[in-house]
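Colleague: Give me a model of this one.
(chains A and B)
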Amino acid sequence: MNGKIYIKVVVVSVLVSIASCSLLYVILSGNTDRIAMVDAVRLFNEYTMKIELEKQVAGRLNYLEKQRDSISQDMKIKAGLLTPKDQQLLIGAYEQKQQQIESEYVESNQTINEIVWKRLNPIIEEFGRSQKLHLVIGANGMGSVLYHDDYYDLTDELIDYVNKSYENKN
Amino acid sequence: MRIRTNILLLIGLLFVSASCGRKSDAYSDTRNNAAPFRKVVLADSLEYTILYKPIVQLLEQEGLTDMSDSIASRRFSDLTGTAWFNIYIKQVNGSNSPLRYRLASYDEYQSRYNYFMSAAASDITLKYGDKILSPVSYTFETTYNLTPQEVMVIGFELPGADTFPVETMQLSYFDRIFGNGIIKATYDATALRAYSGINNDKIYF
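Modeller: Sure, this is the predicted structure:
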């Protein structure tokens, strides 16, 4: 009779120990695995939509640069033939074109920045949920993340995830 | 021994019926505009649904299922070698047309309307294999705010002698009105073939 009780006590103790260990493992592993670090600059630069949008803008900027270069060429060819007034007109046209290129460049950069982050933010959130992450830290090279172990670096995984989501193959 | 044979027979029957059921479900999915033809992209409170419409579905919607009929066969031959898509745009949590989404003035509404009526087609392309195709047909079906959804209907002519899509297709729409960048939908060639309803240039409903 005592032997039976002893066996029961041993079995219950073993089960309780296993359950406690499992719980401890889940809690500890949960706490360590649920933080990720992502290189925000790489994520932005390697997002396919950003690359494609830049290509679109590059075509337009290239066209404007060619127009500016034509004016510049015109100024060189007609250097000694133009009246000071006409020369001034060409210089004005050149400066205007240069300003247009600069402002379109700044404006397009800003627009691409806005569009890309507008699209990236919900996908990053979706990625965080799918990976059961509590926190995703974006390192931007400005010193906000001073050190991180490679273990926490999910940059490659996130880049892959956002690009697959963008291609919309599912 | 006999019981074992019966059990094996039953398992076999269950397997066959499950496979058949799956096929018919998938086929009815096509009819209900579901996967693999319906792709959804969410961007900044707007939902873009891109729907590929196989020829078989177009003919069925037009009630042309009797291929011995001359009208049906002519329509089939007209549509052969083309690929058709709908792009639906709607607000996720709104009851207004997307044309009124974050609208600042009536002029802005007019400019959006004009863009969708006459200019949006130039922002849509189809990557077919390694070729980039431009639309051969474009229609904007506005509901004048009766429904919170607007539809663009786009048609492409397939290159070469392809009677229906045999290459992977990727539709791209550059949304310059709502500033959500490029919206894409990729359609796998194998899935398209399986649901095309066409085999050896014959159509199956």
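Colleague: Now do the SS call for residue B:150.
Modeller: Secondary structure, DSSP: H, G, I helix; E, B strand; the rest coil: residue B:150 is strand.
Colleague: actually residue B:140, not the one I typed
Modeller: Applying three-state DSSP: residue B:140 is strand.
Colleague: Which pLDDT value does the model give residue 51?
Modeller: No chain was given, so I picked chain A. Residue A:51 carries a pLDDT value of 96.
Colleague: Correction: the question concerned chain B.
Modeller: For residue B:51, the pLDDT comes out at 93.
Colleague: CA atoms only: put the helix or strand hosting it into CSV for me.
Modeller: Using DSSP states H and E, residue B:51 falls within strand B:46-53. Extracted in CSV, the C-alpha atoms of strand B:46-53 (Å, rounded to 0.1, in the frame of the first residue of the first chain):
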residue,chain,number,x,y,z
LEU,B,46,-7.8,52.0,-49.8
GLU,B,47,-8.4,48.5,-51.0
TYR,B,48,-7.3,47.6,-54.5
THR,B,49,-8.8,44.3,-55.8
ILE,B,50,-7.4,43.1,-59.1
LEU,B,51,-9.4,40.4,-60.8
TYR,B,52,-8.3,38.4,-63.8
LYS,B,53,-11.3,37.3,-65.9
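Colleague: Wait, residue B:126 touches residue B:168, no?
Modeller: No. Taking contacts as CB atoms under 8 Å, residue B:126 lies outside contact range of residue B:168: 10.9 Å. C-beta here means a position set from N, CA and C on the backbone, and glycine is covered the same way.
Colleague: Mind checking which of the two has more residues around it?
Modeller: Higher neighbour count among residue B:126 and residue B:168: residue B:126, with 23 against 16, using other CB atoms under 10 Å in any protein chain shown.
Colleague: Can you classify that one by secondary structure?
Modeller: Here residue B:126 is recorded as strand under three-state DSSP.
Colleague: mind listing the helices for chain B?
Modeller: For chain B, the helices defined by DSSP state H occupy B:2-31, B:55-61, B:70-79, B:106-114, B:189-195.
Colleague: Pick out the residue nearest the middle of chain B.
Modeller: The centroid of chain B falls nearest to residue B:52 when counting by CA atoms, centre = their mean (1.5 Å).
Colleague: So which bits of chain A are right by chain B?
Modeller: Neighbours of chain B within chain A, by CB under 8 Å from any CB of the partner chain: A:49, A:52-53, A:56, A:111, A:114-116, A:118-119, A:122, A:166-170.
Colleague: Please report phi then psi for residue A:115.
Modeller: phi -60, psi -50 (degrees, to the nearest 10).
Colleague: Now it. Nearest residue, chain neighbours left out?
Modeller: Nearest residue to residue A:115 in three dimensions, chain neighbours excluded: residue B:181, at 4.2 Å (CB to CB, 6 or more residues apart in numbering or on different chains).
Colleague: how far away is that neighbour from residue A:47?
Modeller: 10 Å (CB to CB, to the nearest Å).
Colleague: ok, these two, which is more surrounded?
Modeller: residue B:181 (26 against 22).
Colleague: Mind pulling up the pLDDT for the more buried one?
Modeller: Looking at residue B:181, the pLDDT reads 94.
Colleague: OK, contacts around it?
Modeller: A:49, A:53, A:115, A:116, A:118, A:119, B:43, B:174, B:175 (CB atoms under 8 Å, 6 or more residues apart in numbering or on different chains).
Colleague: List the beta-bridge partners for the residue nearest to the centre of chain B.
Modeller: Per DSSP bridges, the residues bridged to residue B:52 are residue B:85.
Colleague: check contacts around it.
Modeller: B:37, B:83, B:84, B:85, B:169, B:171, B:185, B:187, B:192.
Colleague: how about a cut-off of 6 Å?
Modeller: Contacts for residue B:52 were tallied using CB atoms under 6 Å, 6 or more residues apart in numbering or on different chains; they are B:37, B:85, B:187.
Colleague: Quick check: the first one vs residue B:188, distance?
Modeller: Spelled out, it's residue B:37. 11 Å.
Colleague: Comparing the two, which shows the higher neighbour count?
Modeller: Legend: neighbour count by other CB under 10 Å for residue B:37 and residue B:188, higher for residue B:37 (22 against 13).
Colleague: thinking again about what came up before, if you rank the contacts of residue B:181 by neighbours, which is first?
Modeller: residue A:119 leads the contacts of residue B:181 on contacts (other CB under 10 Å) with 23 neighbours.
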